[in-house]
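> I need the structure of the sequence given here:
(chains A and B)
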Amino acid sequence: MYNNCKPMPRLQDTSEEATYRARLRAWLSDNAPSIAKHDVDALKAWQRQLYEAGWLGLTWPAEYGGQGLGFRQQAIFNEEAARAKVPPSVNNIGLMIVGPALIAVGSEEQKRRYLKPILTAEEIWCQGFSEPNAGSDLAGLQARAVDDGDDYVVTGQKIWTSNSLIAEYIWLLARTDPAAPRHKGITALIVDLRSPGVTVKPLRQITGEAEFGEVFFDEVRVPKANRVGAENDGWIVGMKTFTRERANISVSLSVRLQQQFDRLLEGIRGRDVPLDTQQAREVALAYVDSQCLTLTCERLAGRLFGFESSVVKVAWAEMNQRLQEIGISTLGPDAPLLPGGGFDQAGESSSTWGTEALSETGESFENSWQFGYLRSRANTIEGGTSEILRTVIAERVLGLPRK
Amino acid sequence: MDFSLNDEQILLRDSARAFLREEWPVAELRRMLDADDGISAAGALWSKMADLGWPGLLVSEDNEGLGLGMFDLAVLMEEAGRHLIPGTLHASGVLAATALETLGSHAAQQRYLPDIAGGALKATVGIYEPDSGWTPMMLQPPSNGTATKRYVPDAAEAGLILFLGRTGGNAVRLSVAREAEIANLHSMDVTRPLYQVSCREENLEPVGDGTLGDLQAIVDKASIALSAEMAGSAARVLETTVDYVKSRKQFGRAVGTFQAVQHKAADMLIGLEKALTAVYYAAAAADELPDQLAEAASIAKATANATSVHASQTGIQLHGGLGFTWEQDLHLYLKRAKACEFTYGDTKWHLDRIAHGLGLS
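Residues are numbered from 1 along each chain as shown, chains lettered A, B, ... in the order given. Coordinates of the predicted model:
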């Protein structure tokens, strides 16, 4: 518990880690591509290139295509990838959420079948947990999976499904026993989104983009071999997925936070008017907090797959929102003006991921503080709302009684 | 480089926690304060701490100390903070020991450090002045033949009072102040009394010279140690509060089941984890990465300020009316936190220093 915390900040690489970092940095500098933001094929090719060079699945077991390395190598990869401004992984849900969850709870056969194509981006994944009537109260989910011979027949709707528009598979929670207590009648399934009866629709968000989708299931047949864990054990699978999601989100995004902070400093240093004392203190405090958060991720590394991941997720989400608020405020009267043509162009912009993308501040909407500010409003909602997570921290980490 | 606690540090933490739980329960501290003995009654605690070598933890082995580092010290001071031990350990074993180790002449080190390490001599250091704030450049050479230092910790208890002051330009001097006049400033934290100390110039015996950079490095190390205490105090307040809201019942159920209470407790933990990270990062930087000391110390102090004040205020709030009573421990933690917040630089001072380091001002 918190009073038995072992401090573990890491300040510099061991010589072995430094060699690893140098090799990675050189490789990225030779290979980092410039890819149009929504060119899915090119993003898949880039992920495959990363995989073939041995830079993906770093902490995954070697027998499933991973590198069998430690958390530290993953952190180095995240740092160097952010530094090189490489495109984000097109299969991020597969890499950060589904893969680690499969390693934890999947059958041997499932691991052998699904893990490698996640790494190579041959199969893109999304996660089907939330429903219109089951968000924070996930145990109230209503999608049904009815036992029918060798199959389950799935009917229902999922929402807020990142990557569903480009995905081949969905990591699904559905109700198999409506008579059982809410947490006890849920089963985890792997569903091929190309199956008859599946419809995916884009869901436009406040940024104008459709990063998420809605997925409709109309009597979709799913082989029982695609069940993960035992029937009606899906809640536990879901919880294990969640803790991995929060840990991975926090660790990879704390690196992005540093990158955003550097961008903020660049912008401030380029201004004609210096910050006033109050503004300078706000920026300094954001620096203090983002440094603390990054180091806390490392210090708590060994505990991040438990409920402690919630501590880091809450802190990260609120930190990023604050940083985006500071960023947009540095623009002064231009703050509300959308660069790059505004909402109509969102999702179709010609901006690129690559070495130049993030330094062109203000050039495209998706690289702007305006976009970052609007997008950050989701940070305290996605992956567990901050309200739910504070309850998790209170009950599961501090041990306060439940109602 | 891996900074998880090694076996010796785990032993240090566990033995310190067990020792202080036995020897210095906060209830005993309250009893002494109420009995108007002041903390001078803590002499028994001091000699036991000296037996354990704590006042000499930072003192080099050449000077008969343990010769350990800032990371080890942080482990100990976190435990000290949980138990609100009197400020003498900080004043003598941290501040004075660091000042002498950093700036003291060989003769001065040999003369004073073995006694400081062994606990026979309690020392303190006056640095700040009535008009200096926390900024070393604002320190002034003695005027009218008198040097006056303010916010000097534990001066009344000390057998050795050192003055660390600016002699002009970038130069600083460490001196022994003899026949000093001492006035209690009545800090709200009675476990760590602060004094104003004045000394005639002719009674200042120089024992070492250095630069403003040396002075700030001494303060930064003391500040990291204080931040560790503050984090430890916050941890203890959180534990106490969690225990209380589990057992206190209103509306027929434990108040800890209410979301409004739960979320405040969760925020205490989030703050605590940040503070512990910042403290141990800074302590490790002090040991191994001197070029990061200044920034790391400011990160640690700014974070510890926020965490310890927030934790002690929230702890009182979640205890309800009971938390506001003299009979409960929480006000002692609040007063400690609030007094520490304004020691070695408040949050604004540290944020300004960081902003300056980032090129923002």
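
> ok, the closest residue to chain B within the stretch 301-403 of chain A - how many residues close by?
Closest approach between the stretch 301-403 of chain A and chain B, counting by CB to the nearest CB: A:Ala394, at 3.4 Å. Every residue, glycine included, has its C-beta placed from N, CA and C. By the criterion of other CB atoms under 10 Å in any protein chain shown, A:Ala394 has 29 neighbours.

> hey, what's B:Leu204 bridged with?
Beta-bridge partners recorded for B:Leu204 (DSSP bridges): B:Ala177.

> Please, which helix or strand holds the closest residue to the residue of the stretch 301-403 of chain A closest to chain B other than its chain neighbours?
The shortest distance from A:Ala394 to any non-neighbouring residue, by CB to CB, 6 or more residues apart in numbering or on different chains, is to B:Gln262 (3.4 Å). Secondary structure assignment for B:Gln262, by DSSP states H and E: helix B:259-288.

> Does the residue nearest to A:Ala394 touch A:Val392 like I think?
No: the pair B:Gln262 / A:Val392 is not scored as a contact, 9.6 Å apart, by CB atoms under 8 Å.

> quick one: A:Pro88 from A:Gln258, how far?
Distance, A:Pro88 to A:Gln258, by CB to CB, to the nearest Å: 15 Å.

> sorry, that was for B:His83
Distance from B:His83 to A:Gln258, by CB to CB: 37 Å.

> higher neighbour count, those two?
Neighbours per residue (other CB under 10 Å) separate B:His83 from A:Gln258, with B:His83 holding more: 22 against 19.

> Show me where the stretch 251-400 of chain A has its strands.
Secondary structure of the stretch 251-400 of chain A (DSSP state E, counting those that start in this stretch): strands located at A:352-353.

> For it, what lies in contact range of chain B?
A:265, A:268-269, A:274-275, A:277, A:280-281, A:283-285, A:287-289, A:291-293, A:295-296, A:299-300, A:311, A:314-315, A:387, A:389-391, A:393-395, A:397-400 (CB under 8 Å from any CB of the partner chain).

> which among those residues end up buried?
A:268, A:275, A:280-281, A:283-285, A:287-289, A:291-293, A:295-296, A:299-300, A:311, A:314-315, A:389-391, A:393-395, A:397-398, A:400 (16 or more other CB atoms under 10 Å in any protein chain shown).

> taking those residues one by one, which sit in helices?
The members of these that map onto helices under DSSP state H are A:268, A:280-281, A:283-285, A:287-289, A:291-293, A:295-296, A:299, A:311, A:314-315, A:389-391.

> got the residue ranges for the helices in chain B?
B:7-23, B:26-34, B:43-51, B:70-82, B:88, B:97-103, B:106-118, B:212-247, B:259-288, B:293-318, B:330-341, B:347-357.

> does any part of the second one sit near chain A?
No: using CB under 8 Å from any CB as the criterion, no contacts between helix B:26-34 and chain A are found, and the smallest distance is 15.6 Å.

> Can you read off the pLDDT for the residue of the stretch 301-403 of chain A closest to chain B?
Listed pLDDT for A:Ala394 reads 96.

> OK, contacts around it?
A:Leu400, B:Gly256, B:Gln262, B:His263, B:Ala265, B:Ala266 (CB atoms under 8 Å, 6 or more residues apart in numbering or on different chains).

> Please render these as a markdown table that adds distance to B:Leu57 and pLDDT to the earlier fields.
Output for the contacts of A:Ala394, formatted as a markdown table (distance: CB to CB, whole Å; pLDDT from 0 to 100):
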| residue | distance to B:Leu57 | pLDDT |
| --- | --- | --- |
| A:Leu400 | 36 | 96 |
| B:Gly256 | 38 | 97 |
| B:Gln262 | 39 | 98 |
| B:His263 | 39 | 98 |
| B:Ala265 | 33 | 98 |
| B:Ala266 | 34 | 97 |
